[in-house]
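# Below are the sequence and a predicted model for it; my questions follow.
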Amino acid sequence: ETGVTQTPRHLVMGMTNKKSLKCEQHLGHNAMYWYKQSAKKPLELMFVYSLEERVENNSVPSRFSPECPNSSHLFLHLHTLQPEDSALYLCASSQVYSLAGVGRGGELFFGEGSRLTVL
Amino acid sequence: ELKVEQNPLFLSMQEGKNYTIYCNYSTTSDRLYWYRQDPGKSLESLFVLLSNGAVKQEGRLMASLDTKARLSTLHITAAVHDLSATYFCAVNDMDSNYQLIWGAGTKLIIKP
């Protein structure tokens, strides 16, 4: 396996369900990210983990709960979601977290996303 | 306040033509990224532009950065169908602790 892999690729859930999205990176990177991509909107950063510690949480509702057990794996636990949470959820990794002062760094490597539909 | 604005948001063009996608930003930034996304696929990094006047080229795509004008362009030369995708620019926002601010994307359709 190479790059960043996400599972499942598609998920349909009811508003009362609990599910999880999984992300795995095989690049040896130190930082991992969850992004939300909705139609006709810019990418929204949800969470950032650097060396397994959460470093950013951009006012995301508590019905989204991230977990980073090690630097290669990232989860997004979902419960009691709303229909407006339907979107493509993208996982990404980068070599380091800080965008400042890194040569060509800051470049993000994305997974193919998990398409979530909340009924 | 829209910090990163792409123009146009949708573009349909014929193969063989040239066109330019614009990325304007309103914040202070020292680097700009261009990404490509095919339908149902991940975002793929195309270019990282690090300084004023930077120009990078890959095949039929050429990106440039003017930090004084706060403008980047992605120029497509003699377009081919395989370049159909959505293109995103993103800037490193120095006014907000180096957050990465994304444009809404330009959906490019190239017709044979």
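Perfect, I can see it now.

# what's around residue 50, how many residues?
I'll assume chain A. If you count neighbours by other Cβ atoms under 10 Å in any protein chain shown, A:Ser50 ends up with 19. In short, each C-beta sits where N, CA and C put it, glycine included.

# that answer is for a different chain, and I need it for chain B
15.

# distance of it from B:Val91?
Using Cβ to Cβ, to the nearest Å, B:Leu50 is found at 12 Å from B:Val91.

# again, but for A:Gly28
According to Cβ to Cβ, A:Gly28 and B:Val91 sit 27 Å apart.

# go on, A:Arg63?
Going from A:Arg63 to B:Val91 by Cβ to Cβ gives 30 Å.

# Which one's more surrounded, those two?
B:Val91 (27 against 14).

# The helix or strand of chain B with the lowest mean pLDDT - contacts with which helices or strands?
Least confident element among the helices and strands of chain B, by mean pLDDT, DSSP states H and E: strand B:99-102 (a mean of 83). Here strand B:99-102 touches strand B:85-93, going by 3 or more Cβ pairs under 8 Å, 6 or more residues apart in numbering or on different chains; DSSP states H and E.

# so what's residue 21 bridging to?
Using chain A here. Using DSSP bridges, the beta-bridge partners of A:Leu21 come out as A:Leu76.

# oops, chain B please
With DSSP bridges as the rule, B:Ile21 is bridged to B:Leu74.

# State the number of residues packed around it.
24.

# picking up where we left off before, any chance you could list what contacts whatever helix or strand comes next after the least confident helix or strand of chain B?
Toward the C-terminus, strand B:99-102 is succeeded by strand B:106-111 as the next helix or strand (DSSP states H and E). Contacts to strand B:106-111, defined as Cβ atoms under 8 Å, 6 or more residues apart in numbering or on different chains, come from residues B:6-15, B:21, B:76, B:79-81, B:83-88.

# Run the angle between strand B:106-111 and strand B:85-93 for me.
Angle of strand B:106-111 versus strand B:85-93, following axes from the mean of the first three to the mean of the last three Cα atoms, to 10 degrees, is 160 degrees.

# Can you list the strands that strand B:106-111 pairs with?
Short version: by DSSP bridges, strand B:106-111 pairs with strand B:10-14 (parallel), strand B:85-93 (antiparallel).

# Now do A:Ser20 against A:Trp34, distance only.
For A:Ser20, the distance to A:Trp34 - Cβ to Cβ - is 12 Å.

# meant to ask about B:Gly40, not that
Taking Cβ to Cβ, one finds B:Gly40 at 19 Å from A:Trp34.

# need the residues of chain B near chain A, please.
By Cβ under 8 Å from any Cβ of the partner chain, the part of chain B that sits against chain A consists of B:4, B:9, B:31, B:33, B:35, B:40-45, B:48, B:50, B:88, B:90, B:92, B:98-105.

# again, only using 6 Å
B:Lys41, B:Ser42, B:Leu43, B:Ser45, B:Val48, B:Asn92, B:Tyr98, B:Trp102, B:Ala104 (Cβ under 6 Å from any Cβ of the partner chain).
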